[in-house]
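# the sequence and its predicted three-dimensional model are supplied below.
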Amino acid sequence: MKLLNNIRLRNKMFLVYFLGVIAPIILTNVIFYNTITGNVKAQRIKDIDLAVEQIKNEFRLMVDQAVGLSSFFYADYKTNEVLDRNFTQTEDYVEAYDLYLRSTLNNYSPFSSSLQNKTIYVDNPTLLNSGNIGILSAEVRESVWYKEWMQEASSQPMFVRTQDAGGRFQSFSLLRRMDYFADRMVKEKLVKIDFKTIDLMEVFANLNVQGDVYLLGPEGRIEYTTNRAIDWQGKDRQRYASLKQEQLIDFEKEYGSISYLSGWRIVGTVNEKEIIKEVLKSRYFILWSACLMMIVPTVIILIITRSINLRIIEILKHMKKVKTQQFQMIMHGESRDEIGQLTLEFNSMIMQIKALINDVYLTEIQKKSLELERRKAQLNALQSQINPHFLFNALETIRMRSLLKQENETAKIIQSMAMILRSSLTWNKEWVSVEEELGFILCFLDIQKYRFEDKLSYHIDVQPEAYACVVPKMVFLPFVENASIHGIEPLKKGGSIKIRISVEGDEVVFQVADNGIGMSSEQVDTLYGYLDMEGIIGERIGIQNVIYRVTMLYGRRAIFQVDSRPGEGTQIELRIPVNP
């Protein structure tokens, strides 16, 4: 951390850029390149392997068509019986051929779409050598393909490459001995099915990549290939092992347990460069994308860092000027980011310093001090109006005198009045509990009860939770006094006062109601007008000064409501916060 703190901000930004952007991008792209190129190469090899596998399956399907057709002739009793019969007359054979063999040989071809020719060779000289029927003559027995087949001749079909006497390629054929009914028939029969070479070429041309496909025989010789440089139709067939090169990748597929293709293999060869071409395409994409990902963030970061660095340098220059008492404001500091806010605060600080230098600071302090003194004087003026110390001493003397003369009722009233006056002498205690305030109210009501006797009655209801609440001293008493003197006293028959103190939520609610003479709407408006008379102290201790005190202490949190009509009495409600 100490090392970082000593690096310049511009260098820190470049350090963050290289460690937080360049290095991760390079590392990510290296990993991405290795992963992608490996995946592309593996996928390409897999695609080629699947293509060779498809060629293998299509070639087998072609051979299976011939195997299916040979199986029909092999197991068809009628065909074997006709071919095994000795005909004394040629007409008899022609008749048998027309009745059965013609339709069988020419019309039965559910698997013959890739087959060029089919011939059944029979060792029966009474047959005619035509119409897909051949005589197994000495000439046929001397043919190359017959001799090769006889070396492994069996009842199972065999796929072979047939060639002429000079060893040149003729066709690919499927040979099968027809000996299914050998126990009942004595003639040697052989079915030879030739494939269409063009269909074979189409199957082996399906490799969708620059490469060659080879069809290898059981001896490993090239029986067919798409490689034009190799003469696969000649007599001397080349062995595939002699063609292997390091740069070639082989895809070899064997037929395994398939008897009629035993030893035959399909080999696809692809130059490794062909696969690398696909990898190079992904490489160029990764390189270009990496360059783009590096250039764009670089430009963006340079622009952003320039915006930050230049403005911080500007602020630093002006702060250095402050040391030499050059209080110059920074121009163009209206931006909304943190640096812009810092610039605005710096300009505000410069303005304040200038104002303080011009004694505005001292003037403002004096003004605040005078305002506090004025407020304090107003409170003291309110207190002084109910601070008759000499009356308290005089009342104490009268009360003691009344007790000596056994005038107990008079002494009790004087004691209640003295308690009110004693409270007025302790204005250093500005806050009292509701229970203490209720004591002042009871003292006042005792005095009024003594004065009016049965003309005045009252009822007080206080919630237990309200007793401990703290309120300004004598904030409720003036309302009770106003109800007694201005509401009940003018009545000839007297009246009653109901007082309720409760807690509702976070408010202390004081309610006083009388059934006195009530007030006019003008008088009610006058009371409401006291709420807006800021800074004016009434001449007497009454509702006006109480409202002013409450407004000064609580502000708009205090709620004052009056409900009164002439001849119907008055109800006043005062709501003040529980917490001062």
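Thanks, I have the structure now. Numbering: from 1, shown residues only.

# got the CA coordinates for stretch 246-263 in PDB?
Output of stretch 246-263 as PDB, limited to C-alpha atoms (Å, rounded to 0.1, in the frame of the first residue of the first chain):
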ATOM      1  CA  GLU A 246       3.800 -38.700 -42.300                       C
ATOM      2  CA  GLN A 247       1.800 -35.700 -43.400                       C
ATOM      3  CA  LEU A 248      -1.200 -37.900 -44.200                       C
ATOM      4  CA  ILE A 249      -3.800 -38.800 -41.600                       C
ATOM      5  CA  ASP A 250      -5.500 -42.200 -42.100                       C
ATOM      6  CA  PHE A 251      -9.100 -43.000 -41.300                       C
ATOM      7  CA  GLU A 252      -9.400 -46.800 -41.600                       C
ATOM      8  CA  LYS A 253     -12.700 -48.700 -41.400                       C
ATOM      9  CA  GLU A 254     -12.900 -52.500 -41.400                       C
ATOM     10  CA  TYR A 255     -15.900 -54.700 -41.800                       C
ATOM     11  CA  GLY A 256     -15.000 -57.100 -39.000                       C
ATOM     12  CA  SER A 257     -17.200 -60.100 -38.800                       C
ATOM     13  CA  ILE A 258     -19.100 -59.600 -42.100                       C
ATOM     14  CA  SER A 259     -18.200 -62.800 -43.900                       C
ATOM     15  CA  TYR A 260     -18.700 -61.700 -47.500                       C
ATOM     16  CA  LEU A 261     -16.500 -58.500 -46.800                       C
ATOM     17  CA  SER A 262     -14.000 -60.200 -44.600                       C
ATOM     18  CA  GLY A 263     -10.600 -58.500 -45.000                       C
END
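
# got the buried residues for that stretch?
By 16 or more other C-beta atoms under 10 Å, the buried positions in stretch 246-263 come out as 249, 251, 253, 255, 260, 261. All C-beta atoms are positioned from the backbone trio N, CA, C, and that covers glycine.

# residue 7 contacts residue 16, doesn't it?
No. Counting by C-beta atoms under 8 Å, residue 7 stays clear of residue 16, with 10.6 Å between them.

# neighbours of residue 336, just the number please.
8 (other C-beta atoms under 10 Å).

# from residue 343, how far out is it?
11 Å (C-beta to C-beta, to the nearest Å).

# for residue 543, give me the pLDDT.
Note on residue 543: pLDDT of 82.

# how about it, what does it touch?
Residue 543 is in contact with 478, 479, 482, 527, 530, counting by C-beta atoms under 8 Å, 6 or more residues apart in numbering.

# work out for me the element the fourth one sits within.
Here residue 527 sits within helix 521-529, counting by DSSP states H and E.

# for the record, mean pLDDT for that helix?
Helix 521-529 comes out at a mean pLDDT of 85.

# i'd like the first residue to be 737 from this point on
In the new count, where the first residue is 737, that last one comes out as helix 1257-1265.

# by contact count, what packs against that helix?
For helix 1257-1265, the contact count by 3 or more C-beta pairs under 8 Å, 6 or more residues apart in numbering; DSSP states H and E identifies strand 1295-1300 as packing neighbours.

# can you list the strands that the strand it packs on pairs with?
Applying DSSP bridges to the sheet, strand 1295-1300 is found paired with strand 1306-1313 (antiparallel).

# distance between the strand it pairs with and the chain's centre?
55 Å (C-alpha atoms, centre = their mean, to the nearest Å).

# can you list contacts of that strand?
Residues contacting strand 1306-1313 (C-beta under 8 Å, 6+ apart): 1207, 1211-1212, 1215, 1219, 1223, 1240, 1242-1250, 1252, 1254-1255, 1286, 1290, 1293-1300.

# quick one: low-confidence parts of the stretch 987-1136 of the chain?
1014-1015, 1017-1019, 1068-1070, 1095-1102, 1105-1106, 1109-1136 (pLDDT under 70).
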